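>>> everything below, folded, please.
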Amino acid sequence: MRKKTGKPYLLLCLFISLLFCLSGCITKTNRDDAERPSEAELTEEKTQIYLRGKSATFEGNGVSISGGTIIIREPGEYELSGNLKNGKIQVLTGKNNGDVKLILNGVQVSCPDGPAIEELEGGKLIIVLQEGTENSVHSGGEKAPAPDPDAVGAAILAEDALTLQGTGSLKVEGFLNNGIAGKKELSIFGGALQIHASNCGVSVAKYVEILDGNIQITAGNDGLRTHSDKVAGKGDISISGGNLKLQTAGDGIAAEGTLTISGGRLDISTEGDPEIVSSKGVKAQKDAVITGGELTVTSRDNAVHSKGDLLVSGGSLKLRSDSGKGMMAGGSLRLEGDAELDVAAAGNGIETDTDLIVSGGNLRVTSGGDGLRAGDSGTGRGFFRMEGGMVYVSAANDALDAKIGMSVSGGCLFAAGSSYRLKSFSPDSTQASLCAELAEAAEGQITVCTPEGTVLDTLGLNAPARTVHYSSPALNRGENYELRSGSGTASAVAG
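As a prediction, the model looks like this:
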């Protein structure tokens, strides 16, 4: 027999379905709230720590106080305010127990014989700079002593991963040794940081990433460095944003691994004596990759130095070296994309131990040594290949010097040197070129013209020129051209 269904039964089914829907909604809302706590919940859960001169008081959980040492023993959020003299904030929560977030809300902490903030054992340490606040941490004496290689410690020291974020400001004085030091990773997402250190401004073992922030570093040694390459990918530095100004007696930026710059604005000045200490503007023990950003370097040592390969495919670079090289690569150097480079060096402008390939970008070099130099006898390599882009070189020695050979297949190249050595492009070059030795040294500038007087290009000179290389799509093989300067005119046939 077919069972009849009445209205009461339908209402009961509808009511049960509604309960299931409400249950599902409540479960989802609770889960989302757990993943993204509201500001009200965060405020209720935070422990408040009030620094009061030589000691402190607190409201909440996870804190113990012994004299001037405030110990955080449980993961969670802690908001600090006030002034602490001759004391420290110490994080000691145990391994794998969760992260600790320190919210600095107008804090001044000084410690004469150790770190002002010290994370010894825990998860990630997150330091938040509260909006509109000024904060400071200090270690050591009243002023920065000369760097001591045997000294240990830092104003901020972390055994585990460290993150800095927020929109407030933080002044870091590492007069005991380093400014900020860590044995793992450091990430900077924002804030105004002013770091002054007797040794290194920032010294981290495994990895540094900077995504945003205004960072000023004055250091008696390196400004920003990593010092571990025992594991693949370790010792790397990545900068994708922010404004950085570094004044150092050592290297400005020194990566034990790979250095990557993809954004931001960097202004680096190194003042150390390269005969005594490495004082390079930007240095990578492995590869260096620059794809964007603005980089200005004034250095007594090499402005940019990579022991591995060096790639520049974007960004704007203004490089100055008072006694070293503009750019140096222990491997190959590639210039491509839309990069803009202005290089002035007392030594060689750009030098590689292997090959130098230009396929794009705009490069201008003035040098007291060779302009572009490719190859080292120890590598058995040394090609210079011009495939695209624009290159202008004025050198006090050879404008172009390649150990193995040179070829040109595209782009515009105008190079002049003071030496009498003239090297020609290889026969397999697909673009026409001029290679000329001048009877009289040209000064001021050189202009390439057609016999009818049409100007093709002009090169400004910082040193007398005796040899000239010029290549452009405007040249035709077998045709005559003129090289004009204030001292006279020379003729050359495009080959």
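>>> how many neighbours does Trp296 have?
Not Trp; residue 296 is Thr. Using other CB atoms under 10 Å, the number of residues around Thr296 comes to 18. Placement of C-beta: from N, CA and C, glycine included.
>>> and for Asn480?
By other CB under 10 Å, neighbour count at Asn480 equals 11.
>>> and it, how far is that from Glu437?
16 Å (CB to CB, to the nearest Å).
>>> now do the closest residue to Ser228 other than its chain neighbours, the pLDDT please.
Take Ser228 and drop its neighbours on the chain: the residue closest to it by CB to CB, 6 or more residues apart in numbering is Ala205, 4.1 Å away. pLDDT recorded at Ala205 is 93.
>>> contacting residues for Ala205?
For Ala205, the contact set (CB atoms under 8 Å, 6 or more residues apart in numbering) comprises Gly182, Lys183, Lys184, Thr226, His227, Ser228, Lys234, Gly235.
>>> most neighbours of all the residues you listed, which one?
Thr226 (29 neighbours).
>>> what bridges to that residue?
Beta-bridge pairing of Thr226 under DSSP bridges involves Val204.
>>> what ranges of the stretch 51-200 of the chain fall below the confidence cut-off?
96, 149-150 (pLDDT under 70).
>>> which residues of it fall in helices?
When secondary structure is read from DSSP state H, counting those that start in this stretch, the stretch 51-200 of the chain shows no helices.
>>> including distance to Gly87, could the contacts of Ala205 go into TSV?
Compiled in TSV, the contacts of Ala205 are given as follows (distance: CB to CB, whole Å):
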residue	distance to Gly87
Gly182	21
Lys183	23
Lys184	25
Thr226	30
His227	29
Ser228	31
Lys234	34
Gly235	34
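>>> tell me where the stretch 301-450 of the chain has helices.
Going by DSSP H, counting those that start in this stretch, the stretch 301-450 of the chain shows no helices.
>>> which stretches of it have low pLDDT?
For the stretch 301-450 of the chain (pLDDT under 70), the answer is none.
>>> contacts for stretch 88-102, please.
Here stretch 88-102 has contacts from 68-78, 80, 109, 111, 114-128, using CB under 8 Å, 6+ apart.
>>> give the buried subset of those residues as a PyMOL selection command.
The following PyMOL line selects those of these that are buried, judged by 16 or more other CB atoms under 10 Å:
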select buried, resi 68+69+70+71+72+73+74+75+76+77+78+80+109+111+114+115+116+117+118+119+122+123+124+125+126+127+128
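>>> any idea which of the contacts of Ala205 is closest to Ser471?
Taking CB to CB as the measure, Gly235 is the one of the contacts of Ala205 closest to Ser471, at 40.1 Å.
>>> may I have stretch 87-104 as PDB, with CA atoms only?
Output of stretch 87-104 as PDB, limited to C-alpha atoms (Å, rounded to 0.1, in the frame of the first residue of the first chain):
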ATOM      1  CA  GLY A  87      67.300  45.000  31.600                       C
ATOM      2  CA  LYS A  88      66.100  42.800  28.800                       C
ATOM      3  CA  ILE A  89      63.100  41.100  27.200                       C
ATOM      4  CA  GLN A  90      63.800  37.400  27.000                       C
ATOM      5  CA  VAL A  91      61.700  34.800  25.100                       C
ATOM      6  CA  LEU A  92      62.000  31.300  26.400                       C
ATOM      7  CA  THR A  93      59.000  29.200  25.500                       C
ATOM      8  CA  GLY A  94      60.500  25.900  24.500                       C
ATOM      9  CA  LYS A  95      60.900  24.400  21.000                       C
ATOM     10  CA  ASN A  96      57.900  23.900  18.700                       C
ATOM     11  CA  ASN A  97      55.500  25.400  21.200                       C
ATOM     12  CA  GLY A  98      54.200  28.200  18.900                       C
ATOM     13  CA  ASP A  99      55.100  31.800  18.000                       C
ATOM     14  CA  VAL A 100      55.600  34.800  20.100                       C
ATOM     15  CA  LYS A 101      54.400  38.300  19.000                       C
ATOM     16  CA  LEU A 102      55.900  41.300  20.700                       C
ATOM     17  CA  ILE A 103      54.000  44.500  20.000                       C
ATOM     18  CA  LEU A 104      56.200  47.500  20.800                       C
END
